[in-house]
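[1] return a 3D structure for these sequence lines:
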Amino acid sequence: MSLVRTRSRRGTAVALTMLMAAALGAAGAGSSTAGTAAAAAAPQTRQIASSVLGGDYKMTLTALRSTRDEYAASVRLQVYTQSGGAWKESDRVTVGDVDGWFWFPLTGANAVCQLSTASTEPAPLTVSLLLTPSLGCSEPTHFVIKDGRVYAG
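    Numbers count the residues shown, from 1 in each chain. The predicted structure is shown next:
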């Protein structure tokens, strides 16, 4: 009888070990998937232009790759003002439609067709970006920056 009990206990121990290994493997796979999903949710970004107007304003144009369509992108215009010797974001707007641009032309050569501004208050800002090499540049979009805020111009 003792041999039967030993085999039975060994079988139970093996079964429990395999069950625990499977549970730990599933837990590890779940956390790995969660990490991948979180990384996939954060959009890929690339700064495509920047300009500083005297010591008053800094502006950046950033392409944000769509999380739903690998070929689409949005463009974010951010304005910064000086505060305590550092640039602090004072406003941001989307240029054009959300996911209304193509990622590869925006992040390639000659993506910015026009970025013009002046050191006046309010500061005019004109942006034109490459749609595609075959379509050419977008119509210019006009903004005005006043007191660190962006307004349609």
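
[2] any regions of this protein where pLDDT drops low?
    1-41 (pLDDT under 70).

[3] center of it, which residue is that?
    In the chain, the C-alpha closest to the average C-alpha coordinate belongs to P43, at a distance of 3.2 Å (CA atoms, centre = their mean).

[4] what sits closest to that residue if chain neighbours are left out?
    Spatially, and ignoring its direct neighbours in sequence, P43 is nearest to L64 (4.7 Å; CB to CB, 6 or more residues apart in numbering). Backbone N, C-alpha and C define where each C-beta goes, glycine included.

[5] list phi and psi for the one you found.
    phi -120, psi 120 (degrees, to the nearest 10).

[6] one more: F104?
    Dihedral angles (degrees, to the nearest 10) for F104: phi -70, psi -40.

[7] dump the residue contacts of the residue nearest to W101 when sequence neighbours are not counted.
    On the basis of CB to CB, 6+ apart, the spatially nearest residue to W101 that is not a chain neighbour turns out to be A73, at 4.7 Å. Under the criterion of CB atoms under 8 Å, 6 or more residues apart in numbering, the neighbours of A73 are A63, L64, R65, S66, D99, W101, F102, W103, L106, T107.

[8] name the helix or strand for A73, please.
    Using DSSP states H and E, the element containing A73 is strand 72-83.

[9] chain center to that strand: distance?
    12 Å (CA atoms, centre = their mean, to the nearest Å).

[10] what do you get for stretch 101-112?
    Between the centre of stretch 101-112 and the centre of its chain there are 15 Å (CA atoms, centre = their mean).

[11] so how far does it reach from one end to the other?
    Using CA to CA, to the nearest Å, the span of stretch 101-112 from its first residue to its last is 12 Å.

[12] report the buried residues of that stretch.
    Within stretch 101-112, the residues that qualify as buried by neighbour count (16 or more other CB atoms under 10 Å) are W101, F102, W103, F104, P105, L106, T107, A111.

[13] try stretch 138-147
    Within stretch 138-147, the residues that qualify as buried are S138, T141, F143, V144, I145, counting by 16+ other CB under 10 Å.

[14] can I get those in a markdown table including secondary structure?
    Converted to a markdown table, the buried residues of stretch 138-147 look like this (DSSP: H, G, I helix; E, B strand; the rest coil):
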| residue | secondary structure |
| --- | --- |
| S138 | coil |
| T141 | strand |
| F143 | strand |
| V144 | strand |
| I145 | strand |
